[in-house]
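S.K.: Attaching a predicted model along with its sequence, questions to come.
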Amino acid sequence: MNHNPSIQGYNTLRLQEYGWNEEWEKKAADATANDQQQAKALAPARIIAQFSHVYRVMTSEGDRLGTVAGRYQYEASGKGDYPAVGDWVMAELAPGDERVVIHALLPRKSAVSRKVAGSQQEEQVIGANIDFILLVNALNQDFNLRRIERYLTAAMGSGAQPVIVLTKADLCPDSEAMAAQTRAFIPSSVPVVVVSAARGEGREQLTPYLGQGMTVAVAGSSGAGKSTLLNWLSEADRMRVQDIREDDAKGRHTTTHRELFPIAGGALLMDTPGMRELQLWHADEGHEEAFSDITALAANCRFRDCRHEREEGCAVLAALDTGELDRRRYNNYVKTGKEIAHQARKERIDQRSKERRSGSAGKPRPAAKRSHGWDED
């Protein structure tokens, strides 16, 4: 890649610190290939923080605040179409203006999504264009294999490589035994790393995931040690850390917004607010990958449409009887599978309802009267 690449005269050297490369340069060129006027007016930028409907973006001219254009809002079909932290966008940079207007979203190479909280059937993108996602779980009373499996299900189908990070090893009498227990419950393709920020142990195990230009997201429930891990990796007090009650491992949310920032060595770290409620979104592929051992067993069932409940010749139930498959893991597999199926059915019903209200699926929408934003849940 050219040491100092540019698009239509915009110097993108600054953007290289935020992951800009030839792949994104091509996507940006493709996005404006059919509109020369737009190509001259727009420049690439990356979303580095999100506050409700206002964004902080890194442009070739530096850090700016940004909002989406009115036409963008009109054409967006839901929250999932809006920019998220980590997204690359094409934006209008007015000379001397502290704000930019976002006109287009470049195609994502990965996206970690969930269903928005509540009954609404809509996608919320937690982070985009992530290379590695560190799924953090503390080795204290809050350690929970079921939660790890759930986060893994959400991460496996995202396009990002998940890494299980077990924190607070200093609070665990036998952290390696806990790590071995975790490895036994997850696919062999998912690394498990044990660290203690308090003792400064295990950082070298994370080095392979913190290379130049790599975008690394950190996710986990409140009190898991995400902010401490981010501060430790970035060698700076970037995230406010709030003490938790170690006797019951309970804590409050420390991070209130998503943010992307570079660290020494060239990687970019992304923090996400603690999520006690992680409602799965389009996680069919992730479900199969997160429970790949059960998926492999299911391939030997007598019936192709076996539900692994009472069917004769079910290889999954046979593995339960022999002890090859852990009952708790099977129960979590069934529970998350039903949740995903239920969410898919509700989404289809919601889509049909929208089509009936609009008159027909292909009927053009009326012109937008005004732009609007929303707060995150």
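M.R.: Looks like it arrived, so ask away.

S.K.: Please enumerate the helices of this structure.
M.R.: Along the chain, the stretches classed as helices by DSSP state H are 13-16, 22-31, 36-41, 70-75, 145-156, 175-185, 203-206, 226-234, 284-290, 292-298, 315-322, 327-358.

S.K.: pLDDT averaged over stretch 108-121 - what is it?
M.R.: Average pLDDT, stretch 108-121: 75.

S.K.: With stretch 303-317 instead?
M.R.: Averaged across stretch 303-317, pLDDT comes to 89.

S.K.: Show me the shaky parts of the protein.
M.R.: By pLDDT under 70, the low-scoring segments of the chain are 1-11, 115-121, 236-257, 272-286, 342-344, 347, 350-351, 353-355, 357-377.

S.K.: Name the single longest strand found in it.
M.R.: Criterion DSSP state E: the longest strand present in the chain is strand 42-51.

S.K.: Which elements pack onto that one?
M.R.: helix 13-16, helix 22-31, strand 54-59, strand 62-68, strand 88-93, strand 99-105, strand 259-262 (3 or more CB pairs under 8 Å, 6 or more residues apart in numbering; DSSP states H and E). For the C-beta atoms, the positions are set from N, CA and C on the backbone; glycine is no exception.

S.K.: need the helices of the chain in CSV with mean neighbour count and distance to Thr167, can you?
M.R.: Output for the helices of the chain, formatted as CSV (neighbours: other CB atoms under 10 Å; distance: least, CB to CB, whole Å):
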stretch, mean neighbour count, distance to Thr167
helix 13-16, 17, 31
helix 22-31, 16, 32
helix 36-41, 13, 46
helix 70-75, 14, 39
helix 145-156, 23, 12
helix 175-185, 15, 10
helix 203-206, 15, 11
helix 226-234, 21, 6
helix 284-290, 20, 21
helix 292-298, 18, 25
helix 315-322, 16, 32
helix 327-358, 14, 22
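
S.K.: Serialize those helices to a markdown table and add fields for distance to Gln50.
M.R.: Below are those laid out as a markdown table (distance: least, CB to CB, whole Å):
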| stretch | distance to Gln50 |
| --- | --- |
| helix 13-16 | 18 |
| helix 22-31 | 19 |
| helix 36-41 | 24 |
| helix 70-75 | 15 |
| helix 145-156 | 19 |
| helix 175-185 | 31 |
| helix 203-206 | 25 |
| helix 226-234 | 17 |
| helix 284-290 | 23 |
| helix 292-298 | 33 |
| helix 315-322 | 41 |
| helix 327-358 | 24 |
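
S.K.: picking up where we left off before, possible to save the helices and strands packed on strand 42-51 as JSON lines with distance to Pro208?
M.R.: JSON lines is the format used below for the helices and strands packed on strand 42-51 (distance: least, CB to CB, whole Å):
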{"stretch": "helix 13-16", "distance to Pro208": "21"}
{"stretch": "helix 22-31", "distance to Pro208": "21"}
{"stretch": "strand 54-59", "distance to Pro208": "25"}
{"stretch": "strand 62-68", "distance to Pro208": "29"}
{"stretch": "strand 88-93", "distance to Pro208": "24"}
{"stretch": "strand 99-105", "distance to Pro208": "30"}
{"stretch": "strand 259-262", "distance to Pro208": "18"}
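
S.K.: and the chain, what are its domains?
M.R.: 6-105, 111-271, 291-354 (automatic domain parsing).

S.K.: any idea how far stretch 299-308 is from the chain center?
M.R.: 32 Å (CA atoms, centre = their mean, to the nearest Å).

S.K.: An error on my part: the question was meant for stretch 33-50.
M.R.: 24 Å.

S.K.: ends of it, how far apart?
M.R.: One end of stretch 33-50 sits 28 Å from the other (CA to CA, to the nearest Å).

S.K.: same thing with stretch 127-143?
M.R.: Terminal residues of stretch 127-143 lie 24 Å apart, using CA to CA.

S.K.: Which positions within it qualify as buried?
M.R.: 127-140, 142-143 (16 or more other CB atoms under 10 Å).

S.K.: which one among these gets closest to Pro83?
M.R.: Ala128 (7.9 Å; CB to CB).

S.K.: how close does the most centrally placed residue in the chain get to Ile130?
M.R.: Residue closest to the average C-alpha location in the chain (CA atoms, centre = their mean): Val112, at 2.7 Å. Using CB to CB, to the nearest Å, Val112 is found at 6 Å from Ile130.

S.K.: Pull up the overlap in contacts between those two.
M.R.: 158, 160, 217 (CB atoms under 8 Å, 6 or more residues apart in numbering).

S.K.: what sits against Glu23?
M.R.: Each residue near Glu23 by CB under 8 Å, 6+ apart is listed here: Lys109.

S.K.: One more: Glu98?
M.R.: 64-65.

S.K.: Next one: it from Leu42, what distance?
M.R.: On the measure of CB to CB, Glu98 and Leu42 end up 18 Å apart.

S.K.: What about Val101, how many residues nearby?
M.R.: Per other CB atoms under 10 Å, the neighbour tally for Val101 reads 17.
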